[in-house]
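Chemist: Any chance you could fold what I've pasted below:
(one chain, ligands or ions: 1)
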Amino acid sequence: MEINVSSEFGTLEGVILHSPGAEVENMTPENAQRALYSDILNLSIAKKEYQQVIGVLSKVAQTFEVRDLLTQTLSTPSVKEELIRDLCAAEKQYQLVDELLELSPEALSKALIEGLPLKRNNLTTFLSEDRYSLHPLFNFYFTRDASISINNKVLIGKMANKVRDREAIIMEAIFNHSGTFTTSTINPYIAQDNKHISIEGGDVLIAREDVLIIGNGCRTTSQGIDFILSRILQRSDKSRFHIIVQELPHTPESFIHLDMVFTLLDFNKCMVYEPIILDNNKYQTVHITVDNNKVNIRAVDNILTALHSLGMDLEPIICGGTKDRWIQEREQWHSGANFFALGPGKVMGYARNVYTLEEMNKHGFEIIKAKDVITNHIDLNAHHKYVVAIDGSELPRGGGGARCMTMPVRRKKINW
Ligand SMILES: NC(=O)NCCC[C@H](N)C(=O)O
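Modeler: Reported below is the predicted structural model:
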């Protein structure tokens, strides 16, 4: 499949997913925070809920599972060896190389995702409180963050927390070596001074072929955005390009990424968490224009005014509804603003955020239950503007919603 994502809501053709496995339960209340969770999860419920995501998406697009892609990638011995060496170097676990080399592609893929139990074969490991020499990838079901499709390229995430670094290394290997995708990858590690660079996919929205909207907060640094800017300046094509930057609060953790407070739903509709995106506050919005290799940077009122100046007029739909600030806060906390588009005006989100869904309904979105789609009671092709509502009691405890759990690799081009 040729990678091509030039908007947030062009009709979806391909998407990378990861069904949560044992990794999400391999933590305790004490170390959940280190895993970047605000709570511990129940796997059997999380799995059922995620089945709804897969069930709906596989009706409309080609779905790829990270586990399968990784196993496929590892089936080439030279790639397997290189990946093992890279991962062991990144995690300073050089002593594991031989043990990992002996595993089959399937077993290695499982160990890299679910974790490799620590062998207590010397005093240090015997006394260690850790259970794993390679920790489980607790957050991999948020496939959005570790790699980012931008037009026909894939930008590899540079994760803000070490606990997610392996995800980015795996995704780079998948794009370069699984044989499934045609693309070229860009890894921010190539930047000379990359110490302060971090970029995560939840912060990067592709509004149009020539417009990115990027969150600048605890996961994506200004240096990360400057790296993207430097790459845009290196293009041989000198056409105009825009980056709209939205500063984000660093706490609480529900504001980790831009897609937790702002998502695009349709040509003329977006979902906003009002206090951050529309209200007067200290979080700046900055419009960067690159024109014929010249950079112009200016502060603007908000994302919507910046998009308006580029010919994109968007009506905001308010997360949590317009009436009660507490309800807005509660629904934003549970990823109420985090929608994933299957096509223009066709989105997916959590059923639990009832006030947000009611607000969308007032704006013409039909509310469709994921179960009805999966059991063929509802044919999505017969509907034009809708939210598919998925169950989410466990999944949001990991810290994200439908957009966070999906990594689109191909969407149909929009005729603007
Ligand atoms: N795009 C997103 O907002 N992803 C959610 C990631 C949640 C995960 N627990 C994290 O803290 O990285």
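
Chemist: Which residue does the stretch 151-300 of the chain have closest to the ligand?
Modeler: Gly202 (2.3 Å; CB to the nearest ligand atom). Backbone N, C-alpha and C define where each C-beta goes, glycine included.

Chemist: what residues are up against that residue?
Modeler: Taking CB atoms under 8 Å, 6 or more residues apart in numbering as the criterion, Gly202 is in contact with 142, 144-145, 215, 219, 256-260, 400, 403-404.

Chemist: so how far is Asp379 from it?
Modeler: 31 Å (CB to CB, to the nearest Å).

Chemist: helix, strand or coil for the residue of the stretch 151-300 of the chain closest to the ligand?
Modeler: helix (DSSP: H, G, I helix; E, B strand; the rest coil).

Chemist: On the pLDDT front, check the residue nearest to it when sequence neighbours are not counted for me.
Modeler: Leaving out its chain neighbours, the residue that sits closest to Gly202 by CB to CB, 6 or more residues apart in numbering is His257, at 2.8 Å. His257 is assigned 98 on the pLDDT scale.

Chemist: Was I right to think His257 contacts Ala337?
Modeler: No: when contacts are counted by CB atoms under 8 Å, His257 is not listed as touching Ala337 (10.5 Å).

Chemist: Neighbour count for the two, which is higher?
Modeler: More neighbours surround Ala337 than the other of His257 and Ala337, with 31 against 28 (other CB atoms under 10 Å).

Chemist: What's the mean pLDDT across the strand or helix carrying Gln223?
Modeler: Per DSSP states H and E, Gln223 falls inside helix 222-233. Averaging pLDDT along helix 222-233 yields 96.

Chemist: What pLDDT is listed against Glu25?
Modeler: 89.

Chemist: wait, it sits on Ser44?
Modeler: No: Glu25 is beyond contact range of Ser44, at 9.3 Å (criterion: CB under 8 Å).

Chemist: Next, the buried residues of the helix holding Gln223.
Modeler: 223-225, 227-229, 231-232 (16 or more other CB atoms under 10 Å).

Chemist: Point out the other helices and strands that it packs with.
Modeler: When contacts are defined as 3 or more CB pairs under 8 Å, 6 or more residues apart in numbering; DSSP states H and E, helix 222-233 packs onto strand 211-216, strand 241-247, strand 285-291.

Chemist: got the angle for it vs strand 241-247?
Modeler: 170 degrees (axes from the mean of the first three to the mean of the last three CA atoms, to 10 degrees).

Chemist: residues in this structure within reach of the ligand, list them.
Modeler: 36-37, 139, 142, 144-145, 202, 256-257, 259-260, 398-400, 404 (CB under 6 Å from any ligand atom).

Chemist: host element of the residue most central in space within the chain?
Modeler: By CA atoms, centre = their mean, the chain has its centre lying nearest to Arg144, at 1.9 Å. Using DSSP H and E, Arg144 maps to neither a helix nor a strand.

Chemist: quick check: mean pLDDT across stretch 162-174?
Modeler: 97.

Chemist: What of stretch 110-121?
Modeler: Rounded mean pLDDT across stretch 110-121 is 95.

Chemist: send the alpha carbons of that stretch over as CSV?
Modeler: Taking C-alpha atoms only, stretch 110-121 is exported to CSV below (Å, rounded to 0.1, in the frame of the first residue of the first chain):
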residue,chain,number,x,y,z
LYS,A,110,5.3,-11.0,21.3
ALA,A,111,8.3,-10.4,23.6
LEU,A,112,8.9,-7.0,22.1
ILE,A,113,5.3,-6.0,22.7
GLU,A,114,4.3,-7.8,25.8
GLY,A,115,7.7,-7.6,27.5
LEU,A,116,10.6,-10.0,28.2
PRO,A,117,10.5,-11.4,31.7
LEU,A,118,13.7,-10.8,33.7
LYS,A,119,15.8,-13.9,34.2
ARG,A,120,17.0,-13.9,37.8
ASN,A,121,20.3,-15.5,37.1
